[in-house]
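1. sequence plus the predicted model coming up.
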Amino acid sequence: MLETQNGYELSDDKSRLDHDFIHHELSHSYWAEAIPRSLTEKSVQHSLCFGIYHNGSQVAFARVVSDFATFGYLCDVIVSENHRGAGLGKWLMQCIMAHPDIQGLRRFMLATRDAHTLYERFGFHIPAHPERLMEIVYPGMYKAQQADGNL
């Protein structure tokens with residue numbers, strides 16, 4: 001998949017991904033603060049990934065974890081601070097939602113702290129029965145492991 005818009009390119013070609021950009025952005029995010037590079041690389045390896053590029057440099061990233069049949073989880077959606085406000089998040093979501101490998105999923109989920117309005121435009125909503133969902137969360141896991149010398 002290769003799409004172009006206003007001088008930007010969007011691709012699902014993993015060979016184009018800038019692992020330095022991805023790791024830097026994720027390790028400074030609220031959801032993956034201090035994540036080790038080895039884990040970001042492993043997560044990319046096992047996901048459907050999307051990158052947006054401007055003048056040869058990566059400026060946005062997202063990935064979908066999926067069985068490509070019934071379930072998908074959208075995560076690690078990042079737009080570089082210097083490129084926010086240009087509609088890249090909307091364009092990224094349009095391309096993700098149209099990607100042929102994730103059509104027909106029975107359930108497609110995500111978690112967000114502050115971008116509900118963006119995702120609602122693409123059909124995401126608060127679960128009808130949130131009491132059915134469960135999770136295990138280890139907040140600050142990467143920072144704690146670094147402090148203990150385990151990473």
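-> Done, it's in. Numbering: from 1, shown residues only.

2. rest of the way, CA atoms for contacts and neighbours
-> Fine.

3. from residue 71, how far out is residue 106?
-> Distance, residue 106 to residue 71, using C-alpha to C-alpha, to the nearest Å: 6 Å.

4. more neighbours, those two?
-> Set side by side, residue 106 and residue 71 show more neighbours around residue 71, with 16 against 10, by other C-alpha atoms under 10 Å.

5. can you count the residues close to the closest residue to that one other than its chain neighbours?
-> Ranked by C-alpha to C-alpha, 6 or more residues apart in numbering and with sequence neighbours excluded, the top spatial neighbour of residue 71 is residue 107, at 5.0 Å. Around residue 107 there are 10 other residues, counting by other C-alpha under 10 Å.

6. quick one: residue 107 and residue 70 touch, right?
-> Yes. Residue 107 lies in contact with residue 70 (C-alpha atoms under 8 Å); the separation is 6.4 Å.

7. got phi/psi on residue 25?
-> Residue 25 adopts backbone torsions of phi -60, psi -50, taken as degrees, to the nearest 10.

8. that one: what's it in contact with?
-> 78, 80 (C-alpha atoms under 8 Å, 6 or more residues apart in numbering).

9. and for residue 28?
-> Contacts for residue 28 (C-alpha under 8 Å, 6+ apart) come out as residue 34.

10. go on, residue 59?
-> 21, 51, 52, 53, 79, 80, 83.

11. out of those residues, who has the most neighbours?
-> The residue in the contacts of residue 59 with the most neighbours, by other C-alpha under 10 Å, is residue 52 (28 neighbours).

12. and residue 119, which of the three is it?
-> Following DSSP: H, G, I helix; E, B strand; the rest coil, we place residue 119 in the helix state.
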